[in-house]
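Trainee: Build me a structure from this.
(one chain, ligands or ions: 2)
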Amino acid sequence: MSTKRTTTPAARPLKISVFGTGYLGATHAVAMAELGFEVVGVDVDQAKVDALAAGKVPFFEPGLPELLEKTLATGRLTFTTDAAAAVADADVHFVCVGTPQQRTSHAANLQYVEDATLAIARNLTRGGVIVGKSTVPVGTAARLRELVAATVPAGVDAELLWNPEFLREGKAVGDTLHPDRIVLGGVSEKSEAVMRQVYAAPIAEGSPVVVTDLPTAELVKVSANAFLATKISFINAIAGVCEAAGADVTVLADALGHDVRIGRQFLDAGLGFGGGCLPKDIRALMHRSKELGANRAAALLQQVDEINMGQRERVVDMALEACGGSVLNKRVGVLGAAFKPLTDDVRDSPALNVAAALHLRGAQVTVFDPEAGDTARRAFPTLGYGTSVDEAVEECDVLLVLTEWKQFVDADPARLAGLTRTPRVIDARGKLSAAQWRAAGWEFTGLGRLAA
Ligand SMILES: NC(=O)C1=CN([C@@H]2O[C@H](COP(=O)(O)OP(=O)(O)OC[C@H]3O[C@@H](n4cnc5c(N)ncnc54)[C@H](O)[C@@H]3O)[C@@H](O)[C@H]2O)C=CC1
Ligand SMILES: O=C(O)[C@H]1O[C@H](OP(=O)(O)OP(=O)(O)OC[C@H]2O[C@@H](n3ccc(=O)[nH]c3=O)[C@H](O)[C@@H]2O)[C@H](O)[C@@H](O)[C@@H]1O
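Mentor: Ligands and ions are numbered 1, 2, ... in the order given. Now for the predicted structure:
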């Protein structure tokens with residue numbers, strides 16, 4: 001019988017490694033250091049490690065730069081590309097690497113999760129707890145547990161559990177420090193005690209802890225995103241009815257939201273959902289559901305995806321209609337590139353998807369986004385980019401508001417009308433005041449907004 005060597009982490013302050021320092025992992029590493037733990041962030045991207053170590057967050061996330069500076073100053077937080085050194089010195093190892101959609105199918109690409117988990121396992125000389133945070137298809141964690149068991153050095157006590165993350169970009173710091181819930185899948189008595197030590201502060205603040213098995217924890221995460229996506233596609237389907245019936249979907253959503261069983265959030269009709277998660281997660285769940293024979297779930301999610309992608313096509317058609325059927329050599333102003341406000345993330349950005357589609361139809365497109373200009377240029381270099389709202393509006397034949405940044409919603413329509421001879425605006429996010437823009441002389445259309 002092997003005598004497992006274990007180090008009781010409680011004997012000394014927990015040390016944490018965080019593998020993957022992107023939108024999720026960088027926030028998680030900083031937040032864990034803020035909670036008082038010694039943390040090392042590990043990434044394979046040297047530029048990210050160097051930026052973070054120098055106190056620079058390589059993406060836009062409100063509040064994170066200040067917290068990074070504060071936690072670096074304590075000396076508790078470091079960043080490295082040296083996985084072996086990071087693992088050897090830590091007790092709890094979070095896996096926060098990417099699980100993007102595969103290029104050739106809807107399935108999730110799990111290569112990064114496997115690489116990171118194995119990099120941890122093979123260096124676990126003192127034993128420890130591996131904590132999966134990445135969003136993975138159900139069944140992944142059980143398979144990784146077997147991989148870990150076959151990889152850890154002989155006699156080393158290593159556990160793997162799943163602790164999915166629910167933070168929203170733009171609210172990542174608050175969501176991490178004050179989570180709605182903490183889900184722990186596949187814990188033992190020992191690893192649960194360790195995780196309750198890690199999350200002692202939010203638990204003390206009242207964050208509920210849900211302890212369950214690995215498959216349930218994995219499915220809680222993808223089901224949460226799938227439900228949010230479904231709610232958005234529901235209101236967008238109803239927006240289509242509103243357009244046909246001359247109703248106003250924004251007033252309708254307000255009325256629905258008064259029912260606490262429904263809730264007003266995620267009932268904003270418009271261009272639909274994008275980002276680095278919701279689109280890929282519903283497709284990965286669709287794919288996994290089919291593999292499992294759960295075809296009804298797959299069929300539902302297929303509809304959610306189709307309704308969502310249809311919104312982008314609808315806005316392209318609205319722009320074509322506004323320009324008399326063709327945008328060839330027309331000037332199209334686009335306000336917004338990020339997939340939503342308060343982020344510079346343009347992964348599967350509905351705004352850039354529409355801008356690029358119109359560009360491909362011969363439009364001269366000028367995009368402005370207060371934070372996502374650089375990330376957009378890298379993703380779509382052939383589009384035109386402005387440095388202000390005015391530059392996007394100037395002499396445009398049609399203006400598209402595709403990301404509801406506050407500075408767009410608060411813009412003065414009368415002043416902007418003076419910048420173009422053809423004041424036509426399409427509000428694809430339902431946040432502009434139709435009355436105000438119409439009063440300022442704009443031809444105003446919106447998705448599901450009163451046709452009048
Ligand atoms: N971005 C978000 O708001 C949230 C993301 N998630 C999930 O978290 C995971 C990460 O998402 P993001 O942070 O957005 O992705 P990201 O692409 O911004 O960051 C992933 C990072 O992992 C690094 N990486 C890849 N392989 C590695 C390895 N072997 N060792 C160390 N680092 C490695 C990459 O260089 C990259 O910096 C995904 O599964 C996502 O679905 C979950 C909740 C929120
Ligand atoms: O797994 C993830 O990465 C995260 O995905 C989403 O967070 P996020 O992608 O940051 O963005 P959301 O705020 O959820 O918005 C998603 C998309 O839905 C769109 N949306 C949102 C709300 C709405 O009413 N209508 C609507 O079209 C937004 O414009 C955006 O494109 C979830 O909200 C998080 O809980 C989850 O952790």
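Trainee: quick one: the strands in the stretch 351-452 of the chain?
Mentor: 364-368, 384-385, 398-401, 424-427, 443-446 (DSSP state E, counting those that start in this stretch).
Trainee: now do the stretch 201-350 of the chain
Mentor: With DSSP E, counting those that start in this stretch as the criterion, the stretch 201-350 of the chain has strands spanning 209-212, 331-335.
Trainee: thinking again about what came up before, now, of the strands of the stretch 351-452 of the chain, which is deepest in the fold?
Mentor: When you average the neighbours per residue for each of those (mean count of other Cβ atoms under 10 Å), strand 398-401 leads with a mean of 28. For every residue, glycine as well, the C-beta is placed using N, CA and C.
Trainee: ok, that strand: who's next to it in the sheet?
Mentor: strand 331-335 (parallel), strand 424-427 (parallel) (DSSP bridges).
Trainee: nearest to residue 284, of those?
Mentor: Checking the strands paired with strand 398-401 against residue 284 by Cβ to Cβ gives strand 331-335 as the closest, at 29.4 Å.
Trainee: which residues are in contact with that closest one?
Mentor: The contact list for strand 331-335 (Cβ atoms under 8 Å, 6 or more residues apart in numbering) reads 319, 323, 351, 354-355, 358, 363-369, 389, 392-403, 405, 408, 420.
Trainee: what pLDDT does residue 364 get?
Mentor: pLDDT, residue 364: 98.
Trainee: Disregarding residues adjacent in the polypeptide, which is nearest to it?
Mentor: Leaving aside its chain neighbours, residue 364 sits nearest to residue 331 (5.0 Å; criterion: Cβ to Cβ, 6 or more residues apart in numbering).
Trainee: The one you found - how many residues pack around it?
Mentor: With neighbours defined by other Cβ atoms under 10 Å, the count for residue 331 comes to 21.
Trainee: residues in the protein within reach of ligand 1, list them.
Mentor: Residues of the chain lying close to ligand 1 (Cβ under 6 Å from any ligand atom) are 19-25, 42-45, 48, 96-99, 112, 115-116, 119, 134-135, 165, 167, 169, 276-277.
Trainee: which helices and strands sit right next to the helix or strand encompassing residue 41?
Mentor: Using DSSP states H and E, residue 41 falls within strand 38-42. Under the contact definition 3 or more Cβ pairs under 8 Å, 6 or more residues apart in numbering; DSSP states H and E, strand 38-42 sits against strand 15-19, helix 23-34, helix 46-53, strand 77-80, helix 83-88.
Trainee: For residue 382, which of those is the nearest?
Mentor: Of all the helices and strands packed on strand 38-42, helix 46-53 comes closest under Cβ to Cβ, at 24.5 Å.
Trainee: residues of that closest one that come out buried?
Mentor: Under the neighbour-count criterion of 16 or more other Cβ atoms under 10 Å, helix 46-53 has 48, 49, 51, 52, 53 buried.
Trainee: What separation is there between residue 195 and residue 185?
Mentor: As judged by Cβ to Cβ, to the nearest Å, residue 195 and residue 185 stand 11 Å apart.
Trainee: residues shared between the contacts of those two?
Mentor: Overlap of the contact sets of residue 195 and residue 185 (by Cβ under 8 Å, 6+ apart) consists of 161, 163.
Trainee: Leaving out sequence neighbours, find the closest residue to residue 283.
Mentor: Here the residue nearest residue 283, using Cβ to Cβ, 6+ apart, is residue 106, at 3.8 Å.
Trainee: neighbours around the one you found, how many?
Mentor: Based on other Cβ under 10 Å, the number of other residues close to residue 106 is 19.
Trainee: Residue 273 against residue 279, yeah?
Mentor: Yes: contact criterion Cβ atoms under 8 Å: residue 273 and residue 279 qualify, at 6.7 Å.
Trainee: and these two? which has more neighbours close in?
Mentor: Between residue 273 and residue 279, residue 273 has the larger neighbour count (other Cβ under 10 Å), namely 25 against 22.
Trainee: Grab the nearest non-local neighbour of the more buried one.
Mentor: Counting by Cβ to Cβ, 6+ apart, residue 232 is the residue found nearest to residue 273 once chain neighbours are left out, at 5.1 Å.
Trainee: Tell me the pLDDT of that neighbour.
Mentor: As summarised for this prediction, residue 232 has a pLDDT of 98.
Trainee: need the contact list for it.
Mentor: 266, 267, 268, 272, 273, 308.
Trainee: Kindly recompute the last result at 10 Å.
Mentor: Applying Cβ atoms under 10 Å, 6 or more residues apart in numbering to residue 232 gives the contacts 266, 267, 268, 269, 270, 272, 273, 278, 304, 307, 308, 311.
Trainee: follow-up on the earlier one: distance of the residue nearest to residue 364 from residue 324?
Mentor: 14 Å.
Trainee: which residues do the two both contact?
Mentor: By Cβ under 10 Å, 6+ apart, the residues touching both residue 331 and residue 324 are residue 397.
Trainee: do you know how far the nearest residue to residue 314 once chain neighbours are set aside is from ligand 1?
Mentor: Closest residue to residue 314 apart from its sequence neighbours, by Cβ to Cβ, 6+ apart: residue 447 at 6.5 Å. Distance, residue 447 to ligand 1, by Cβ to the nearest ligand atom, to the nearest Å: 25 Å.
Trainee: Look at residue 161 and give its secondary structure.
Mentor: Under the three-state scheme (DSSP: H, G, I helix; E, B strand; the rest coil), residue 161 adopts strand.
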